[in-house]
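Visitor: Quick one, what's the 3D model for this:
(one chain, ligands or ions: 1)
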Amino acid sequence: MDCLFCRKLEAINELPPDEVVWQFTHSIAYLAPFQSYLGYCILASRKHATELSQLDDETRLYFLDEMCTLARAIEECFRPKKLNYEMLGNQTPHMHWHIIPRYPDDADAMHAIWYTIERLKDDKPARQRLKKGPQSNAETVAALRQALKSLAERE
Ligand SMILES: [Zn+2]
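Guide: Model prediction:
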């Protein structure tokens, strides 16, 4: 079986340092590619499963708890207006959450981000603007790690 998130997990130590935000016990937080939504992360389960219902109760609770911890770190770092949580898996059926901060200047605020990404798919400069955050990915990852470290110490 060829699964993107299983492959990433196997090669976790070879991934670029700006891609892996945090290694939780049951999941891995990655920086997502569209950083105009500053702090957008993908949280992938360590275990290959396609649905939450496939996890035993304890693993599912930990996985959801890790999602909330990551969301809290994003909130503390970047103060978004709203967070969007999405678990789709239609393209990559290995459980992963998209945790997407939304900001007041978002022109497509009433839509899920996929609408914007699809709408701009043939507009290369606009797509580049979607991908590039207002700060470097290294700065974003460093801020998130700092927040996650301090959240872990508070527990
Ligand atoms: Zn997988």
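
Visitor: Can you name every helix or strand that the biggest helix by length in the chain contacts?
Guide: Under DSSP state H, the helix in the chain containing the largest number of residues is helix 57-78. The helices and strands touching helix 57-78, judged by 3 or more C-beta pairs under 8 Å, 6 or more residues apart in numbering; DSSP states H and E, are strand 27-31, strand 41-45, strand 82-86, strand 96-102, helix 137-154. Where C-beta positions appear, they are placed from N, C-alpha and C, glycine not excepted.

Visitor: Which among these is found nearest to Asp123?
Guide: Put simply, out of these the one that sits nearest Asp123 is strand 96-102, at 20.3 Å, with distance taken as C-beta to C-beta.

Visitor: what are the C-alpha coordinates of that closest one, in CSV please?
Guide: Backbone C-alpha positions of strand 96-102 (Å, rounded to 0.1, in the frame of the first residue of the first chain) are rendered in CSV as follows:
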residue,chain,number,x,y,z
HIS,A,96,-5.3,13.7,9.1
TRP,A,97,-6.8,16.9,10.3
HIS,A,98,-6.4,20.2,8.4
ILE,A,99,-6.3,22.9,11.1
ILE,A,100,-6.7,26.1,9.2
PRO,A,101,-6.6,29.5,10.7
ARG,A,102,-8.8,32.1,9.1
